[in-house]
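Peer 1: got a sequence here, can you model it:
(one chain, ligands or ions: 2)
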Amino acid sequence: MLHDLLLQLTVVLIQAVGALWLAIPALIANPSAVIFGGGTPIDFGRKFYDGKRILGDGKTWKGLIGGGAAGAFIGVIQQLIALNIGSPYFPPFSGDAVTAVLIVTILGYGALIGDAAGSFIKRRLGMGRGDRAFLLDQLTFLVVALLFVFFAFPFLFFTYFWNVPALITLFVLTPILHRIVNIIGYRMGKKDVPW
Ligand code: CTP
Ligand code: MG
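Peer 2: Ligands and ions are numbered 1, 2, ... in the order given. The predicted structure follows:
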């Protein structure tokens, strides 16, 4: 009995920690965009049919390219760590090096494309750059990064992300982490607002 319970708890823990571990490239990409960002906006200053900016000045090419690369870079380091320690809590992205690089790249850039999609929605709702959009700001990037994994690497998606402990952990912790990192960014003078 007790043994069964402990075993089940271990499985839940492995699912929760494993998903968080594999989502790190996406979680890193967003704050990295703040560090690398600035300069030419992705929408080149253009407006949408509604007369409002397509994405706004908060989404720049440097942030997109640099942030995505930073997420992927951390993912490559994780891959090396995972292969070395061989722990079920910290799985590698793939057994194959090239596939692993593709996966971490998809996670990093998926997150920032999702982040830009969130801004697109905010602009359509008439919200200005930096206006606070609860959940949209904190979760769009994660949902889109996971969607990318679902389409490109369904096996990885169903193995590690599509289970209750994984989803609960990611969707509860991501907004909290997002908030903490943004407060730090604000204190460091990297962000104008603490959200
Ligand atoms: N950033 C960037 N390029 C990106 C994403 C972010 O340069 N692709 C930088 C911008 O300096 C941005 C900051 O990171 O202001 C914070 O990102 P975020 O909070 O996502 O943007 P906001 O300025 O709040 O704009 P929005 O309302 O469109 O979300
Ligand atoms: Mg913001």
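
Peer 1: so the residue nearest the centre of the chain is in which element?
Peer 2: Among the residues of the chain, A26 comes closest to the average C-alpha position under Cα atoms, centre = their mean, at 2.7 Å. Assignment of secondary structure by DSSP states H and E places A26 within helix 2-36.

Peer 1: any residues of this protein in contact with ligand 1? List them.
Peer 2: Residues of the chain that fall close to ligand 1, judged by Cβ under 6 Å from any ligand atom: 33-34, 37-38, 56, 58-60, 63-64, 112, 115-116, 119, 122, 129-131, 191. Just so you know, the C-beta spots here come from the backbone N, C-alpha and C atoms, and that holds for glycine as well.

Peer 1: show only the entries of those residues found in helices.
Peer 2: Judged by DSSP state H, the residues of the chain next to ligand 1 include 33-34, 63-64, 112, 115-116, 119, 122 as members of helices.

Peer 1: now those in a markdown table, with neighbour count and distance to G86?
Peer 2: A markdown table is the format used below for these (neighbours: other Cβ atoms under 10 Å; distance: Cβ to Cβ, whole Å):
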| residue | neighbour count | distance to G86 |
| --- | --- | --- |
| A33 | 28 | 32 |
| V34 | 18 | 34 |
| G63 | 25 | 35 |
| L64 | 20 | 34 |
| L112 | 29 | 31 |
| D115 | 26 | 33 |
| A116 | 23 | 37 |
| S119 | 25 | 40 |
| K122 | 24 | 43 |
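
Peer 1: can you tell me which of those residues comes closest to V164?
Peer 2: Sorting these by distance to V164 puts D115 at the head of the list, at 25.8 Å, by Cβ to Cβ.

Peer 1: who's in contact with the residue lying closest to the closest one once chain neighbours are set aside?
Peer 2: What sits nearest to D115 in space, not counting adjacent residues and going by Cβ to Cβ, 6 or more residues apart in numbering, is F141, at 4.3 Å. Applying Cβ atoms under 8 Å, 6 or more residues apart in numbering, we find F141 in contact with 26, 29-30, 111-112, 114-115, 118.

Peer 1: tell me the one of those nearest A69?
Peer 2: The shortest gap between A69 and any of the contacts of F141 belongs to A29, at 8.7 Å (Cβ to Cβ).

Peer 1: what's the nearest residue to the closest one if we skip its chain neighbours?
Peer 2: The spatial neighbour of A29 that comes closest, neighbours along the chain excluded (Cβ to Cβ, 6+ apart), is G71 at 3.2 Å.

Peer 1: model confidence for the one you found, exactly?
Peer 2: Looking at G71, its pLDDT reads 98.

Peer 1: what's the local residue count around it?
Peer 2: Residues near G71, counting by other Cβ atoms under 10 Å, number 29.
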